[in-house]
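Q: fold the stuff below for me.
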Amino acid sequence: MECSRFQRGVTKRGKPLFARGQAANEAWVLIGLITLVLIFYILFLPPAERHKLLEDGPGISTVTLPGGLNATLFQDHIGTLDAHEPVIAHAIPSSRVFESKKAVILEEFNPFFVRRGWFGRRLQNLTFEIPDVENTDNVLLAFEAPVRSGVLAVSLNGRVVFESPVSRTPSPIRLRKEHLDKSNSLEFSVSGVGFAFWRSNEIQIQNAKVVADVTDVSRQKAQNVFAVSPAEKNNVLIATLDYTADCDDTLVGPLTILINDQRVFGGVPDCGGPNRIEVPGQILQEGANTMHFQTTRGDYFLSSMRLTTILRKTRSYVAYVDVPKQVVDRARTNAVRVMLEIDFVDDKKPKVADVNINGHITRIDQNEPFYARNLNAFVLPGSRNYIEITPVSSINIPELRVVVR
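A: The predicted structure follows:
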């Protein structure tokens, strides 16, 4: 019995079974400790290094060539690269804005008469229109009265504006602007005879007319149009408007300058000298832009006009590429080809850009939507490789790749 119990506690080679279990447990503990050390090591790595360790990184393929070489070393979706001059000047044509007033006959009336006596009364109602009340001034009612007895009364839109005896050629009656509307009515009447029932008062009117000074506002405004490119709109830092104003500051009213219906100046400029206005860049818009000049009085001749925009420096695209040493070694012997490949949007427009590869500059100048260049002579081992693209014309790049072929 004792022998049987002893044999159940040993292996065939005579080693205790509990010793083998203890060794297995120690191995698992060791594996667990190593795992914990690795986990804490990864956790305390800088984020960029941890990202590289755990993943391939954005835009880098994990496809492997024979020999353990990555097929794609770098990949990025760039988008639009704008090209522009640092300063753009828009020449604006000369313009003249001035006040133009002229006397206009608004209405003429046929001869008529008004009468009043004990046994009857005759009035006369007339109407006239003013198309543009705001720009109509100095409205006068003129007439002649070859036959007249009694006191003449004239009402404008129900309000008495004149009541007096008249001569044959009386002075014109001023019709005040605040009493005028677009459609107006005049009523003529004559005073009564009192107790002289046997007679009547009568006034005959001829050559009656309403005249006024009407301002031609079309001459008080001028408009010019200039174009702004997308690159200029997106990169403008400062915009200024320069001009010279030929005017008499004692005779002119304020000058108003609008760009895209936004006022950028309102006042009397320096007559005879140069003027400069700072224009907010945000009011400029891609495509057509309108510039309006207007005044209410006087005469302005605006010349030597120029809208100038100062733009941000053209921004280059820079990418850094990590090339394994074994790839560089094989590229030196032309066993593989390290290729720069660029896909352009196929817009049929010229694609012009300077490409700097580790200090070696070449120019792309083509209409085709694909560009490729062998980098075998330029690549360096490690992360010292850079590709800088400086647009000469605005270009759109859906994808850029550095691949091993």
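
Q: which sections of the stretch 1-150 of the chain are below the confidence cut-off?
A: 1-27, 29, 37, 39-70 (pLDDT under 70).

Q: strands of that one, start to end?
A: With strands called from DSSP state E, counting those that start in this stretch, the stretch 1-150 of the chain shows them at 64-65, 69-70, 72-76, 79-81, 87-92, 95-98, 101-109, 112-117, 120-122, 124-129, 136-144.

Q: how about JSON lines for these, with mean neighbour count and distance to V160 added?
A: C-betas here are computed from N, CA, C, even on glycine. Output for the strands of the stretch 1-150 of the chain, formatted as JSON lines (neighbours: other C-beta atoms under 10 Å; distance: least, C-beta to C-beta, whole Å):
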{"stretch": "strand 64-65", "mean neighbour count": "12", "distance to V160": "104"}
{"stretch": "strand 69-70", "mean neighbour count": "18", "distance to V160": "100"}
{"stretch": "strand 72-76", "mean neighbour count": "19", "distance to V160": "85"}
{"stretch": "strand 79-81", "mean neighbour count": "15", "distance to V160": "73"}
{"stretch": "strand 87-92", "mean neighbour count": "15", "distance to V160": "53"}
{"stretch": "strand 95-98", "mean neighbour count": "18", "distance to V160": "39"}
{"stretch": "strand 101-109", "mean neighbour count": "14", "distance to V160": "19"}
{"stretch": "strand 112-117", "mean neighbour count": "18", "distance to V160": "14"}
{"stretch": "strand 120-122", "mean neighbour count": "12", "distance to V160": "17"}
{"stretch": "strand 124-129", "mean neighbour count": "15", "distance to V160": "14"}
{"stretch": "strand 136-144", "mean neighbour count": "18", "distance to V160": "13"}
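
Q: could those be laid out in JSON lines, adding distance to S393?
A: As requested, the strands of the stretch 1-150 of the chain are exported to JSON lines (distance: least, C-beta to C-beta, whole Å):
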{"stretch": "strand 64-65", "distance to S393": "36"}
{"stretch": "strand 69-70", "distance to S393": "33"}
{"stretch": "strand 72-76", "distance to S393": "20"}
{"stretch": "strand 79-81", "distance to S393": "9"}
{"stretch": "strand 87-92", "distance to S393": "15"}
{"stretch": "strand 95-98", "distance to S393": "34"}
{"stretch": "strand 101-109", "distance to S393": "53"}
{"stretch": "strand 112-117", "distance to S393": "78"}
{"stretch": "strand 120-122", "distance to S393": "84"}
{"stretch": "strand 124-129", "distance to S393": "59"}
{"stretch": "strand 136-144", "distance to S393": "55"}
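
Q: for those strands, which one sits closest to Y243?
A: In terms of C-beta to C-beta, the element of the strands of the stretch 1-150 of the chain nearest to Y243 is strand 87-92, at 7.6 Å.

Q: and the closest one, what does it pack onto?
A: strand 221-228, strand 299-311 (3 or more C-beta pairs under 8 Å, 6 or more residues apart in numbering; DSSP states H and E).

Q: quick one, helices of this structure?
A: Taking DSSP state H, the helices of the chain run over residues 2-8, 17-43, 47-54, 230-235, 325-332.

Q: for the fourth one, name the packing helices and strands.
A: Looking back up the chat, that one is helix 230-235. Partner elements for helix 230-235 (3+ C-beta pairs under 8 Å, 6+ apart): strand 299-311.

Q: wait, doesn't L126 sit right on F188?
A: Yes. With contact defined as C-beta atoms under 8 Å, L126 reaches F188; the gap is 7.5 Å.

Q: list just the one of the strands of the stretch 1-150 of the chain that sits closest to V236.
A: strand 87-92 (8.7 Å).

Q: quickly run through the sheet partners of the closest one, with directions.
A: strand 299-311 (antiparallel) (DSSP bridges).

Q: which of the residues in the partner strand are buried?
A: 299-300, 302, 305, 307, 309, 311 (16 or more other C-beta atoms under 10 Å).

Q: what do you get for stretch 225-232?
A: 226, 228, 231-232.

Q: equivalent analysis for stretch 279-299, please.
A: 279, 281, 284, 289, 291-295, 298-299.

Q: name the nearest of those residues relative to I395.
A: L284 (23.0 Å).

Q: and the nearest residue to the closest one once chain neighbours are set aside, what are its bridge partners?
A: Nearest residue to L284 in three dimensions, chain neighbours excluded: V228, at 5.3 Å (C-beta to C-beta, 6 or more residues apart in numbering). Beta-bridge partners recorded for V228 (DSSP bridges): G287.

Q: what's the spacing between V228 and A222?
A: Noted for V228: a distance of 20 Å to A222, by C-beta to C-beta, to the nearest Å.

Q: next: V161.
A: Counting by C-beta to C-beta, the gap from V161 to A222 is 38 Å.

Q: more crowded one of the two?
A: A222 (19 against 16; other C-beta atoms under 10 Å).
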